[in-house]
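[1] Sequence and computational prediction follow.
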Amino acid sequence: MDYNRIAELLYPDIVETPEDILNRTPARKLKEGAKVTRLAPSPTGFMHFGTLFPALVNERLAHQSGGVFYLRIEDTDLKREVKGAEDDLINTLSYYNIKFDEGALPDGGDFGEYAPYRQSKRAYIYQVFAKDLVRRGMAYPCFTSADEYEQIKNADVKQILSEKVWTAEDAQKQKEIIKQGRLITEKEVEENLKQGLPFIIRLCSDGDPDKKIRFTDLVRGNLEIPENDEDFVLLKSDGIPTYHFAHAIDDTLMGTTHVVRGEEWLPSLSKHIQLFRYIGAKLPKYLHISQLMKMDGNSKKKLSKRDKGAALSDYKADGYPAESVIEYVMTLLNSNYEDWRRANPDADYTEFPFSVKKMNVSGCLFDYDKLNDVSKNVISRMSAEKVYDEVTRWSCEYDKELFGLVSSNPEYAKKIFSIGRNSKKPRKDFAVWRDVKPYISFFYDDIFEVRDSIPSDFSADDIGTALGTFVNEYDETSDNSEWFEKVKSIADRLGFASDMKIYKQDPGAYKGSVADISMFLRVAVTGRLNSPDLYEVMHILGKDKVISRINSFIDSLKE
Ligand code: GLU
């Protein structure tokens with residue numbers, strides 16, 4: 001068999017060799033221990049929450065070691081490609097502050113010495129490598145016969161395949177049938193090409209599945225996997241590579257040192273090990289990371305595309321700050337992250353010494369309650385200024401009414417957001433920006449509503465008198481303790497206990513306590529039984545509003 005001749009017949013226009021391409025590919029200048037990693041998403045739909053896992057692991061490994069992190073778009077599956085998905089991917093990653101040193105840019109652009117970073121633009125490179133493998137007898141073309149071609153054109157192939165129940169024997173038989181294709185002669189190749197028949201390129205496998213390959217995965221440890229004996233496809237009939245072929249070539253040319261990817265690729269690993277050997281390249285290190293799980297009753301199940309929480313866009317719409325989502329992913333990725341965070345409440349997550357050894361092998365469990373807790377902590381550590389910026393940005397897109405309110409008076413809004421901040425134990429009122437409007441509504445007359453009422457154990461007279469006295473004596477210049485003394489004195493004057501300890505000894509001797517007087521004021525001013533510190537609230541609202549709210553409440557008592 002004249003492999004050289006077959007290679008020339010298949011690719012007459014390709015004159016370069018892999019060496020030519022390797023020679024013009026710049027070597028990476030890396031310092032000792034620096035890792036080169038990549039995120040290699042396929043733009044086949046909305047961005048899944050799970051994509052953040054390899055994204056962050058890759059980013060941390062590269063940047064923590066002073067290496068390079070790049071973005072490669074794996075757009076080889078034209079049938080499954082979704083319009084707009086690629087830009088959505090790039091923009092979403094940037095929203096989560098995942099920064100690449102090189103790679104694909106929005107609108108089809110590229111940045112970096114190893115461009116193009118879209119596999120659809122690298123067809124020529126794959127063909128150079130394919131031609132070389134054919135020439136060396138390590139790959140061969142497989143033509144679709146004229147009959148099959150007609151059939152495929154006319155039938156719904158998916159339907160035919162789905163009707164067949166595939167057994168292990170069928171798979172073995174198919175492998176053997178495929179291997180007969182290795183015997184194709186130059187003459188047959190010439191004939192088929194003349195007829196214009198499409199062909200694919202298959203690898204000529206030398207593997208024996210009874211033999212095992214020893215392999216060390218950086219997350220999963222030592223593994224033994226059977227050699228690959230399948231003549232799998234390298235190039236499809238449109239000249240576009242399969243994932244396997246593109247992976248081996250691109251990660252070789254782009255100098256990837258560590259491949260972080262989902263565990264669903266583990267069964268294909270023996271193919272990849274074989275391919276790197278065939279093209280004479282060094283195998284990168286691999287980290288196969290677990291699927292994200294969720295609880296389904298008492299058992300764990302994969303977080304699937306349709307599950308709540310799967311689409312990353314939902315997090316933005318719900319108003320989770322990007323930092324919260326990243327912080328949550330960090331807690332899932334490394335078991336010691338939360339301890340570190342407690343010890344370093346204000347540090348950036350990038351200061352955490354991320355370690356592959358601390359990764360969970362058995363699959364992280366996605367949990368909304370945990371995410372909300374994490375998010376509350378993250379937001380509680382933000383400055384009022386930052387909260388204001390985030391809320392305006394979010395509400396501009398998702399809640400125009402809220403946007404109008406906060407942006408009409410930024411100083412006022414920032415005062416509201418500063419309540420209970422900057423203390424040792426900051427308030428944790430919001431998990432998402434969607435929580436903001438119901439929380440701050442009483443600060444704005446336009447959306448103020450009286451939500452709660454005063455329990456019926458108090459007489460309207462007492463309530464009215466307490467509130468009226470407060471209005472008459474309210475002095476905006478008093479400090480927090482003077483203010484509270486005033487409330488206590490109103491309590492004393494009306495037969496309410498001003499000292500809680502004494503009150504608790506004999507509650508029956510009083511109409512109520514100072515806490516009840518505060519509660520009257522709170523309901524009158526905020527319309528709620530629960531609110532942040534009332535003194536602070538009154539200061540932000542301003543004397544006029546406080547007095548007019550209390551007066552209208554007194555009026556409502558008379559109705
Ligand atoms: N395009 C592949 C995927 O989206 C990439 C896997 C890899 O990182 O190698 O699953």
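    In hand now; what should we look at?
[2] Not counting sequence-adjacent ones, nearest residue to the residue of the stretch 451-559 of the chain found nearest the ligand?
    Going by Cβ to the nearest ligand atom, the ligand is nearest to residue 532 of the stretch 451-559 of the chain, at 45.7 Å. (Glycine included, C-beta is placed from N, CA and C.) Excluding the flanking residues, the one nearest residue 532 by Cβ to Cβ, 6 or more residues apart in numbering is residue 419, at 4.6 Å.
[3] SS state for the residue in the stretch 201-350 of the chain that the ligand sits nearest to?
    With Cβ to the nearest ligand atom, the shortest gap between the stretch 201-350 of the chain and the ligand falls at residue 261, namely 3.6 Å. When classified by DSSP: H, G, I helix; E, B strand; the rest coil, residue 261 comes out as strand.
[4] ok now do the closest residue to it other than its chain neighbours, which residues does it touch?
    Nearest non-adjacent residue to residue 261, counting by Cβ to Cβ, 6+ apart: residue 54, 6.1 Å away. Contacts for residue 54 were tallied using Cβ atoms under 8 Å, 6 or more residues apart in numbering; they are 39, 260, 261, 262, 289.
[5] how about low-confidence regions in the protein?
    By pLDDT under 70, the low-scoring segments of the chain are 146-165.
[6] For the residue nearest to residue 261, give me phi and psi.
    With angles defined as degrees, to the nearest 10, residue 54 sits at phi -60, psi -30.
[7] looking at it, the residue of the stretch 451-559 of the chain closest to the ligand is touching residue 427, isn't it?
    Yes: with contacts counted by Cβ atoms under 8 Å, residue 532 reaches residue 427, the gap being 6.7 Å.
[8] Common neighbours of the two, please.
    Common neighbours of residue 532 and residue 427 (criterion: Cβ under 8 Å, 6+ apart): 419, 420.
[9] So which residues on the stretch 1-150 of the chain come close to the ligand?
    Those residues of the stretch 1-150 of the chain that sit near the ligand, judged by Cβ under 6 Å from any ligand atom, are 40, 41, 42, 74.
[10] 5 Å instead?
    40, 42, 74 (Cβ under 5 Å from any ligand atom).
[11] By neighbours, which of those wins?
    Top of those by neighbour number is residue 40, holding 25 neighbours under the definition other Cβ atoms under 10 Å.
[12] OK, contacts around it?
    Contacts here follow Cβ under 8 Å, 6+ apart; on that basis residue 40 touches 71, 72, 73, 74, 247, 250, 261.
[13] The residues you listed, buried ones only, as a PyMOL selection?
    Buried subset of the contacts of residue 40, written as a PyMOL selection, criterion 16 or more other Cβ atoms under 10 Å:
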select buried, resi 71+72+73+74+247+250+261
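[14] Cross the contacts of residue 40 against strands and list the overlap.
    Using DSSP state E, 71, 261 are the members of these that sit in strands.
[15] all strands for the protein, in order.
    All strands of the chain, identified by DSSP E, fall at 36-39, 68-71, 102-104, 110-111, 139-143, 199-203, 212-217, 221-226, 233-235, 258-262, 285-289, 293-296, 299-302.
[16] What helices and strands are in contact with the fifth one?
    Yep, that's strand 139-143 we're talking about. Using 3 or more Cβ pairs under 8 Å, 6 or more residues apart in numbering; DSSP states H and E, the elements in contact with strand 139-143 are helix 3-10, helix 123-135, helix 186-194, strand 199-203.
[17] rerun that using 10 Å as the cut-off
    With contacts taken as 3 or more Cβ pairs under 10 Å, 6 or more residues apart in numbering; DSSP states H and E, strand 139-143 sits against helix 3-10, helix 123-135, helix 168-180, helix 186-194, strand 199-203, strand 233-235.
[18] Kindly report the same for the first one.
    If contacts are counted by 3+ Cβ pairs under 10 Å, 6+ apart, strand 36-39 sits against helix 52-64, strand 68-71, strand 102-104, helix 243-253, strand 258-262.
[19] For that strand, C-alpha coordinates in CSV please.
    Taking Å, rounded to 0.1, in the frame of the first residue of the first chain, the C-alpha atoms of strand 36-39 are listed here in CSV:
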residue,chain,number,x,y,z
VAL,A,36,-0.5,26.9,30.9
THR,A,37,-4.2,26.2,31.0
ARG,A,38,-7.2,26.9,28.9
LEU,A,39,-11.0,27.0,29.0
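[20] quick one on the thing from earlier: name all residues that make contact with the residue of the stretch 201-350 of the chain closest to the ligand.
    Contact partners of residue 261, counting by Cβ atoms under 10 Å, 6 or more residues apart in numbering, are 38, 39, 40, 54, 57, 58, 247, 286, 287, 288, 289.
[21] which of the residues you listed lies closest to residue 342?
    Relative to residue 342, the closest of those is residue 57; by Cβ to Cβ it sits at 22.5 Å.
[22] quick one: that closest one from the ligand, how far?
    Residue 57 is 11 Å from the ligand, where distance means Cβ to the nearest ligand atom, to the nearest Å.
[23] could you list every residue that touches that residue?
    With contact taken as Cβ under 10 Å, 6+ apart, residue 57 is in contact with 37, 39, 219, 258, 260-261, 287, 289, 329, 333-334, 354, 356, 359.
[24] at 6 Å instead, please
    Applying Cβ atoms under 6 Å, 6 or more residues apart in numbering, we find residue 57 in contact with residue 260.
[25] and if you look at residue 101?
    By Cβ under 6 Å, 6+ apart, the contact list for residue 101 reads 68, 69.
[26] returning to that earlier point: and the contacts of residue 261, which two are the farthest apart?
    The span of the contacts of residue 261, defined through Cβ to Cβ, is set by 57 and 247 at 17.3 Å.
[27] And the helices in the stretch 451-559 of the chain, which stretches?
    In the stretch 451-559 of the chain, the helices defined using DSSP state H, counting those that start in this stretch lie at 460-473, 480-493, 500-505, 514-526, 534-541, 543-558.
[28] Nearest to residue 453, out of these?
    Counting by Cβ to Cβ, residue 453 lies closest to helix 514-526 out of the helices of the stretch 451-559 of the chain; the figure is 6.9 Å.
[29] Output the contacting helices and strands for that closest one.
    Counting by 3 or more Cβ pairs under 6 Å, 6 or more residues apart in numbering; DSSP states H and E, the packing neighbours recorded for helix 514-526 are helix 460-473, helix 480-493, helix 543-558.
[30] Would you mind listing the buried residues in the first one?
    To tie it back to what came earlier, the one meant is helix 460-473. Going by neighbour count (16+ other Cβ under 10 Å), the buried part of helix 460-473 is 462, 463, 464, 465, 466, 467, 469, 470, 471.
[31] picking that back up, which of the contacts of residue 54 lies closest to residue 404?
    residue 39 (38.2 Å).
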